[in-house]
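J.: Quick one, what's the 3D model for this:
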Amino acid sequence: MNELQGIEFENFLIDKFFEFGFKVELTPKIGDYGADIILENANGTKIIIQCKRFKSRVNLKAVQEVIGAIGHYCGDKGIVITNSTFLNSAIKLAESHDIELWDGDKLLSFLSGDISFSEINH
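T.: Residues are numbered from 1 along each chain as shown. Next comes the predicted model:
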């Protein structure tokens with residue numbers, strides 16, 4: 001996972017979400033308004049996802065992007081997913097806007113089929 005390029009990382013996640021039964025909508029590669037993937041769960045909840053395959057910690061810009069994308073795409077929920085970890089500023093902004101943050105550990109749980117840590121199925 002850490003060796004994938006950004007687009008490869010997104011495509012990898014898209015395949016996994018599809019495998020786990022989510023309806024997956026792709027955004028344009030350029031001009032995506034801060035969303036890389038748009039999901040819909042079985043309950044019809046629209047989930048906006050921003051993917052960040054980083055070697056360093058993810059900053060609050062990724063959270064800002066997904067907050068903007070929720071409004072643009074009329075989403076119900078937002079998630080920033082990374083193979084890395086998050087800076088404290090990103091964590092604080094995510095908490096104040098009810099954005100889920102999936103770090104490398106949560107991502108590995110998701111890939112193994114366990115998403116009990118997330119509200120994605122609600």
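J.: Please make it C-alpha for all contacts and neighbour counts, starting now.
T.: Noted.
J.: Can you point out the buried residues in stretch 54-67?
T.: 54, 57-60, 62-67 (16 or more other CA atoms under 10 Å).
J.: which residues are contacting that stretch?
T.: Outside stretch 54-67, the residues that touch it by CA atoms under 8 Å, 6 or more residues apart in numbering are 2, 33-35, 48-50, 52, 78-80, 82-87, 89-91, 93-94, 97, 99.
J.: ok so, going back, turn the buried residues of stretch 54-67 into TSV, including distance to residue 113, pLDDT and secondary structure.
T.: As requested, those are arranged in TSV below (distance: CA to CA, whole Å; pLDDT from 0 to 100; DSSP: H, G, I helix; E, B strand; the rest coil):
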residue	distance to residue 113	pLDDT	secondary structure
54	23	80	coil
57	24	94	coil
58	24	95	strand
59	27	94	coil
60	27	95	helix
62	25	96	helix
63	25	97	helix
64	28	97	helix
65	27	95	helix
66	24	96	helix
67	26	97	helix
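J.: ok, those residues vs residue 111, which is closest?
T.: Nearest to residue 111 among those: residue 54, at 17.7 Å, using CA to CA.
J.: hang on, isn't residue 22 packed against residue 39?
T.: Yes. Assessed by CA atoms under 8 Å, residue 22 is found in contact with residue 39 at 6.2 Å.
J.: The closest residue to residue 34 other than its chain neighbours and residue 32, how far apart?
T.: Once flanking residues are discounted, residue 34 sits nearest to residue 65: 4.4 Å by CA to CA, 6 or more residues apart in numbering. Separation of residue 65 from residue 32 (CA to CA, to the nearest Å) stands at 10 Å.
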